[in-house]
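Engineer: quick check, what structure comes out for this input:
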Amino acid sequence: MSTPAAVPAVSPAAVLFDMDGTLVDTEVLWWETADEVAAGLGHRLTDADAPEVVGRAVADTAAHLVRVTGRADAGDTIAADLAGLFFRRVEEGAPLRPGARRLLAELERAGVPFALVSASPRTVVDSVVAGSLADVPFAFTLSADDTVRTKPHPDPYRAAAERLGFGPERCVAVEDSPDGTASAQAAGCAVLVVPSLLPVEPAEKRFFAGSLEEVNLAVLRDCVDA
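Structural biologist: Numbers count the residues shown, from 1 in each chain. Model prediction:
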């Protein structure tokens, strides 16, 4: 009697990538932007400010700078300055993180759909996708402007999974920050964390890699299957 063929492991239905600090090295640009705007308000960023800056949306960081400087009258101006200065820095070039191009190409060859889920404004997302990520066949991109609430709320990842037509539990998110990780996990996704500027605490359904150079389709499959 013949031996039954082994059943192949099920690939993730889709992969949802964060952008800043995960696929492109823009978290440093964002920190420099926030530090420049803060300095103009008489405040210099320190490690204590990092949780309100790294991985956060423009509105969140602007609100933080309002709190620490007492400039409640300048909230809209601070947000506009952050967005405009960050966009100009990104336009000058946002290098890819090591291993990003190879991993995206592997997913494309395997026919696994993938999307971009970012807390950056639409202008910044479009700039990066037209530049550093040009010709990458994302199914779509989501920005902070595309959901009522952005990270750390679950809305962006829920919206991405729904748009792809899959349950979040069948998707794996690739993130670098505590807020992004919390967003994806709250949406029901498995999360592969590749930390950049801030450490991410271990927790159930969080998997870790030191770099995207360590990640391939088999690693992403294991995140979902676990």
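
Engineer: just so I have it, where are all the helices in the chain?
Structural biologist: For the chain, helices defined by DSSP state H occupy the ranges 27-40, 58-69, 75-91, 100-110, 122-130, 155-164, 178-187, 217-225.

Engineer: any stretches of the protein with poor pLDDT?
Structural biologist: When the per-residue scores of the chain are filtered using pLDDT under 70, the ranges that remain are 1-10.

Engineer: check contacts around the closest residue to V125 other than its chain neighbours.
Structural biologist: Closest residue in space to V125, ignoring its immediate chain neighbours: S143 at 4.4 Å, by CB to CB, 6 or more residues apart in numbering. The way it works is simple: take the backbone N, C-alpha and C, and place the C-beta from them, glycine included. S143 is in contact with S118, A119, S120, P121, R122, V124, V125, counting by CB atoms under 8 Å, 6 or more residues apart in numbering.

Engineer: for the first one, give me phi and psi.
Structural biologist: As for S118, its main-chain torsions (degrees, to the nearest 10) stand at phi -120, psi 150.

Engineer: pull the number of nearby residues for the residue lying closest to it once chain neighbours are set aside.
Structural biologist: With sequence-adjacent residues excluded and distances taken as CB to CB, 6+ apart, S118 is closest to M19, at 4.0 Å. Using other CB atoms under 10 Å as the criterion, M19 is surrounded by 26 other residues.

Engineer: what residues are up against M19?
Structural biologist: Counting by CB under 8 Å, 6+ apart, M19 makes contact with T26, L116, V117, S118, S120, V125, V128.

Engineer: and the third one, how far from T46?
Structural biologist: Put plainly, it is V117. If you measure V117 against T46 using CB to CB, to the nearest Å, the figure is 29 Å.

Engineer: higher neighbour count, these two?
Structural biologist: Counting neighbours by other CB under 10 Å for V117 and for T46 shows that V117 has the greater number, 33 against 8.

Engineer: beta partners for that one?
Structural biologist: L142 (DSSP bridges).

Engineer: does it touch L142 like I think?
Structural biologist: Yes. Distance between V117 and L142: 4.9 Å, which falls inside the contact criterion (CB atoms under 8 Å).

Engineer: intersection of neighbour lists for these two?
Structural biologist: Applying CB under 8 Å, 6+ apart, one finds that V117 and L142 are jointly contacted by P156, A160.

Engineer: quick one, domains of the chain?
Structural biologist: For the chain, the structural domains run 14-25+94-225, 28-91, going by automatic domain parsing.

Engineer: if we can go back for a sec, any idea how far the residue nearest to S118 is from L41?
Structural biologist: Distance of M19 to L41, computed by CB to CB: 27 Å.

Engineer: then F166?
Structural biologist: In this structure, F166 and L41 are 44 Å apart, going by CB to CB.

Engineer: again, but for L103
Structural biologist: In this view, L103 and L41 are 39 Å apart by CB to CB.
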